[in-house]
Each structure stands twice: as C-alpha cells, then as structure tokens.
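> okay, here's the prediction I keep looking at, along with the sequence it came from:
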Amino acid sequence: MHNGYAHHTLAETATHPGGRMHLEEPQAKPKAPTLRPYQSQLIKDLYVELGKGHRRIAIIAGTGAGKTVIGGKICADTAARGCRLLFVVHLDVLVGQTYEKMQAFGLHCGFIKAGWKEDPEAPIQIASIQTMAQRTWWRTWKAHVVFFDEGHTTVFSQVGQDIIYDTHPRAVHLAMTATPYRLGKDQLGDHMETLVASPVPSALQKMGFLATMKYFGMPKDTQVDLEGVRSLAGDFDERDLKNACDRPELVERIVEEWQRLTPGKRTIAFCVDVEHARHVAEAFCAIGVAADVVDGSTPIKERHRLYAALGSGELLVLTSCNVISIGFDEPSVEVGLLLRPTQSRALHQQQIGRVMRISPATGKTHGLILDQAGNLQRLGFPEDIQEYRLPNRREPGEATAAPAKQCPQCNRLVWGFVVQCPGCGFQWETEPQVRIDDLVEVLTETQIREMRKEEMMAFLQVHRRRSYEDGAAPTWTENKFRKAFGCSPDVSWYQGLIFGKRPTRQEQIEYQNYLGAIAQRQGKSIAWVIDQFQQEFGVGSYQEAFLR
C-alpha cells in the first residue's frame, strides 16, 4: 500500500464551469487537505465497519461537517490501494465540484457526463445519473467501491438501484448524506446495512465549526396559510403552495421583516417556484437592495457568477427555487428566508444548513433564519438532533419536532422550555418559577438538565421493561421517548434498566433469545443484536456471555 495519493505525470484534462475542455501544463501534486480530528475518526469508524464485513454503509455528515474532505480522503485511500471507484452524483453542477475535490487530493479521474472527457482507464469515474442512463459501458466497468453522493437521492434513483442490485452487487457501496431521512416509505436503511456519522450540529457549534443560530418566525397574520393546501407524494403540492405563498402582501412583509431584523446582510431565499423567486427578488430591488434569481435553467457559469457576486457583496439577496438547497457553498451568507413550506425534514435541514457555515474571512458570528413558512415549528431546529440513526421503512425515524414557541414581542423562535427571550428579554409570566419569599431562584442550565434527566430516565425504565415483557422491539421505547421529550435518549442510560446491576446468566440468555426473535422478524443483523444486548448489560458483555 502506498502512503501518498495518485501521481500525475501527464497533462490533465480540466473543465471550466461552462463545460469546455482545455489542456493544462503538468503541475506539482497539490497538498491534500488536513482532516479535522472527528473527520479522521469517522473514516476510521468506516474502516472498522468494513472490517466487520459490512458492504453497504451510510456516511452521515451534516452541513459544515466537511463532506467534501471526508469523501475526498475516502476516494484517495481507495485509489492508493489500487482499487477502482465509481462516484455517483445526481446533479450536473456537482460534477465540477466533485472534480475540484478530487484535484485537491491529486487524483486521476474520468467522467460519465455529457461534455466531459471520458477515460474508462481512470481509477475514479465521476458519474452523473442523467448521463449514466444514456451510457452502457459503465455497467461492465468493474468498480470495487461505489460512492453515492447525496445518498438519500442517488441510492433511490433507477440507476442507483441498478448499481446496488444488478450491475455492481459485489462492490462496497457507500452512501454519503447530510440528512438520511426521506419522504415516503423507502428509507436509506432499507438499502444500507449500518452507518458511521460525524458529530451532530450542536456539537459542531460547540467545537467552533458551525455558526450559532438565531431563528425568527413571522407574526401569525403574515405567515403562510396552509389551509386548503393538499399533499402530494408526502410533501405539500407545489401548485397549491404557489397560490398560498406567492402573494404580494406576503412578499412585501418578508422584505419589511428583513429590513427590520437583518438589513445589509447577505441573504438567500428559498421559494416555491421560479415566478415566486422572481417576485421576491423584484421586491428587494424595489427598495434599492441588489437582488437576483437562480433556478434550474440558469447556466452553470452564470450560477457561479451569481454566487461570487453574493460572496463579494455585489449582491445582497439571491432567491432560488430548488437550486441552492444542495451544492451551494458560500459561507459568508448570514440570512436564510424560509418561504416554501415543506414536510421534508431533509430539505428543511439542508436549507438551514446553507447559513450555518462559519466564515472567519468576513467576521460572520452567527446565522439568522426568517421563517415565513412555519417550517421551524413543524420540523424543529438542527440543534434538536441528538444522534444520527439509519431509518428504514419499519422505523422511519421522523420524530416530531421539539416544542417551540414564538416570542410575541420580537417573533424570535425558541425552545418550549425557555422562560426569557434571549433576543428582547420578554418574560413568559405563565412559566413556573421556584420562589422563596420575594426572591426568585434562577436555575442553571445544568440544574435544569439534571431535573429533566431524572424524569427522562424514569420514563425510559418503565417503557423499556414493558417493551421486553410484551415482546415488542426496543425501538418501541425509543419512539415513545422521542414523542414525549422531542429527543432521543442517551444510550448510556440503558444499562441495567430491565435486569438491574446484577443480572443472572439465565436472564442474559432470555434477553438474547428475545433480541434474536426480533432480529429475525425485522431482518436485523447480528451486529444489531450485540449492540442492543450490550446496551442492557454493558460493553463486552456479549463476548463474555456467548463468545468464549
């Protein structure tokens, strides 16, 4: 095995955003990006799972976790081992971004994309799903690894399903995504066996790798009225949304709120359709704010020009329809306008994620969200995520949003337990307070967490025992817990909940039989049985009980 990455001695073919080819002079191998500690750990976790025999693994890395660097390092490691990799993207615009990633690691690539040079001898093929549907040679190109970018989309395409089950069933399949959840029944866990994950957004914020956020809702009389809006394929029908959202009074109101709360800040707006996006941009231009529109028909070269203009401050507002939710990376953007109601947790988190990146170059300290669509109260905050899970059709994992409320004074959205608005200081007088004579006891965050922890653990114990006694899956308890508290339980709380601190050998055997029956019924692996067993009896307990 080589220590370095793929070397180049010949001129490489490069492509400009417009798709035209030119040859560059040979250049020195670029220096590979330096991985953050948690990125290195995620890749180590991936190789551990591969060592266990897993062949289909989801890689979950939220916005700002560095999917580009993580994916590039995996590709570099694959090439260094003399293996061949098929890198699948679902949008044409992502081909160029992926190639830039590969260049940073000094990798030799071919392309399956109209207008790009094909080179079947290259060890890495960057492939667009749209072009793959029109080509056939890749079906017999023997890839050792298939990397699905935006796996919550590419895995579920017809091409993705062909790759996994027909053309490349013996390859290792890696599905990278920031948001594993999908609308509809079919979920990522129905095609991937296990997952590895980066830290959750709140942890990345504490590490300083994501910006802290402020959230604002609109007054109720200027929020989108969804009465009469139908659902189609699990989300709101866009034709109905058009009538509900693209209204002059709503467009005017969001501009007024932007002027009041976030004047002069770089902003992106998520709209229902192209016409809605144009109306919002026109409203900003009417008050002298430089604004423009990007949509699916915007040429790639023009998109890059608009993104650069936004980054430089030449533009202050860029409105879009289904374009900048994925593949947009301008960390200086501080404000996101949520103008399109959705039921998709994945889309919701992707949109907020566009303004969560840090930008030391511009002095950006936090991101701001103005939500006219009611998405935050419907789907929650990214900071609500306690852990990443791999959903499947039996356990889709779409937990309800944590309780949120809106400050009646400044419209800031906060968690339901907050007593005083951090934005304007408004006090919810109806909130319970602990009083001693004329003094008010102020509980620290740690004290509040400890009080809530005791309540949570008592709830967990009762329902964990009940699920075992009734023969229900342990996930039944987890779902009940999430519905009650709006978050997932801490895994460390599970140990001894059913059998106490001194379980007998017979109890361990009975619990293993219980887990085995559920695994057989639900198609779970032995790894799942071991993990669930060790949650109750402790790390290493399964090996001590059954593998010696």
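In hand now; what should we look at? Numbering: from 1, shown residues only.

> doesn't residue 87 lie inside a helix?
No: read with DSSP: H, G, I helix; E, B strand; the rest coil, residue 87 is strand and lies in no helix.

> quick check: it touching residue 126?
Yes: counting by CB atoms under 8 Å, residue 87 touches residue 126, with 4.9 Å between them. Backbone N, C-alpha and C define where each C-beta goes, glycine included.

> find residues that contact each of those two.
Shared contacts of residue 87 and residue 126, defined by CB atoms under 8 Å, 6 or more residues apart in numbering, comprise residue 98.

> how about residue 423, nearest residue that isn't a chain neighbour?
Excluding its sequence neighbours, the residue lying closest to residue 423 (CB to CB, 6 or more residues apart in numbering) is residue 412, at 4.1 Å.

> meant to ask about residue 405, not that
Residue 405's closest residue in space is residue 416 (CB to CB, 6+ apart), at 5.5 Å.

> also residue 529?
Closest residue to residue 529 apart from its sequence neighbours, by CB to CB, 6+ apart: residue 515 at 4.7 Å.

> what's the answer for residue 509, then?
Spatial nearest neighbour of residue 509, excluding adjacent residues (CB to CB, 6+ apart): residue 545 at 7.9 Å.

> ok, residue 137 next?
In space, residue 137 is closest to residue 120, 6.4 Å off (CB to CB, 6+ apart).

> what of residue 172?
In this structure, residue 172 finds its nearest non-sequential neighbour in residue 145, 4.7 Å apart by CB to CB, 6+ apart.

> repeat for residue 237
Using CB to CB, 6+ apart, the nearest residue to residue 237 is residue 230, at 4.5 Å.

> equivalent analysis for residue 460, please.
Closest to residue 460 by CB to CB, 6+ apart is residue 489, at 5.4 Å.

> show me where the stretch 151-300 of the chain has its strands.
172-177, 194-197, 212-217, 231-232, 235-236, 267-270, 291-294 (DSSP state E, counting those that start in this stretch).

> for those, which one ends up most surrounded?
Neighbour counts (mean count of other CB atoms under 10 Å) averaged over each of these peak at strand 267-270, with a mean of 26.

> what is that strand packed up against?
Judged by 3 or more CB pairs under 8 Å, 6 or more residues apart in numbering; DSSP states H and E, strand 267-270 is in contact with helix 274-286, strand 317-320, strand 335-338.

> ok, which of these comes nearest residue 49?
strand 335-338 (34.2 Å; CB to CB).

> helices or strands up against the very next helix or strand once past the closest one?
Using DSSP states H and E, the next helix or strand after strand 335-338 towards the C-terminus is helix 345-353. Counting contacts by 3+ CB pairs under 8 Å, 6+ apart, helix 345-353 packs against strand 335-338, helix 375-379.

> need the winner for burial among the ones you listed.
strand 335-338 (a mean of 25).

> each with direction, which strands does that strand pair with?
Strand 335-338 has its sheet partners listed here by DSSP bridges as strand 267-270 (parallel), strand 366-371 (parallel).

> in CSV, list those along with distance to residue 44 and mean pLDDT.
As requested, the strands paired with strand 335-338 are arranged in CSV below (distance: least, CB to CB, whole Å; pLDDT from 0 to 100):
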stretch, distance to residue 44, mean pLDDT
strand 267-270, 35, 97
strand 366-371, 30, 93
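
> among these, which is nearest residue 388?
Per CB to CB, nearest to residue 388 of those: strand 366-371, 21.1 Å.

> distance from the chain centre to that closest one, please.
From the chain centre to the centre of strand 366-371 is a distance of 18 Å (CA atoms, centre = their mean, to the nearest Å).

> same question, stretch 467-486
The answer for stretch 467-486 is 25 Å, by CA atoms, centre = their mean.

> again with stretch 243-255
Taking CA atoms, centre = their mean, one finds stretch 243-255 lying 29 Å from the centre of the chain it belongs to.

> what's it in contact with?
218, 222, 224-226, 228-229, 269, 271-273, 275-276, 279-280, 283-284, 287, 337, 339-341, 370, 372-373.

> repeat the analysis, applying 6 Å as the threshold.
Contact with stretch 243-255 is made by 222, 224, 229, 272, 276, 279-280, 283, 372, as judged by CB atoms under 6 Å, 6 or more residues apart in numbering.

> from memory the residue nearest to residue 509 sits against residue 506, does it?
No: with contact defined as CB atoms under 6 Å, residue 545 and residue 506 do not form a contacting pair (11.1 Å).

> higher neighbour count, those two?
The neighbour comparison of residue 545 against residue 506 (other CB atoms under 10 Å) goes to residue 545, with 17 against 8.

> give me the domain ranges for this structure.
13-200, 208-385, 445-547 (automatic domain parsing).

> got the contact list for residue 179?
If you count contacts by CB under 6 Å, 6+ apart, residue 179 has them with 346, 349.

> what about 10 Å?
Counting by CB atoms under 10 Å, 6 or more residues apart in numbering, residue 179 touches 60, 62-63, 150-152, 188, 344-350, 353, 382, 385, 388.

> for residue 309, same thing?
290, 292, 315-316, 318.

> can you say which of the residues you listed are buried?
By neighbour count, with 16 or more other CB atoms under 10 Å, these hold 292, 315-316, 318 as buried.

> how about CSV for those residues, with pLDDT and distance to residue 179 added?
What follows is the buried ones among the contacts of residue 309, written out as CSV (pLDDT from 0 to 100; distance: CB to CB, whole Å):
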residue, pLDDT, distance to residue 179
292, 97, 27
315, 96, 27
316, 97, 28
318, 97, 22
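
> circling back to that earlier point, what's near enough to touch the residue nearest to residue 137?
When contacts are taken as CB under 10 Å, 6+ apart, residue 120 is in contact with 110, 112, 137-138, 140-141.

> right, and the domains of the chain - which one's nearest residue 395?
Within the domains of the chain, the stretch nearest residue 395 is domain 445-547; the backing value is 5.3 Å (CB to CB).

> now do that closest one, average pLDDT.
Averaged over domain 445-547, pLDDT sits at 83.

> before we move on, what about stretch 91-111?
The pLDDT scores in stretch 91-111 average 85.

> gap between it and the chain center?
That offset, for stretch 91-111, works out to 21 Å (CA atoms, centre = their mean).

> can you give me the end-to-end span of that stretch?
14 Å (CA to CA, to the nearest Å).

> follow-up on the earlier one: count residues in the vicinity of the residue nearest to residue 405, would you?
For residue 416, using other CB under 10 Å, the count is 10.

> could you do residue 317 as well?
Residue 317, neighbours per other CB under 10 Å, totals 24.

> comparing the helices and strands packed on strand 267-270, which comes out most buried?
strand 317-320 (a mean of 26).

> got a list of what the residue lying closest to residue 341 once chain neighbours are set aside touches?
Excluding the flanking residues, the one nearest residue 341 by CB to CB, 6+ apart is residue 373, at 4.1 Å. Contacts for residue 373 (CB under 10 Å, 6+ apart) come out as 217-218, 223-224, 226, 236, 241, 244-245, 250, 270, 272, 337-342, 348, 351.
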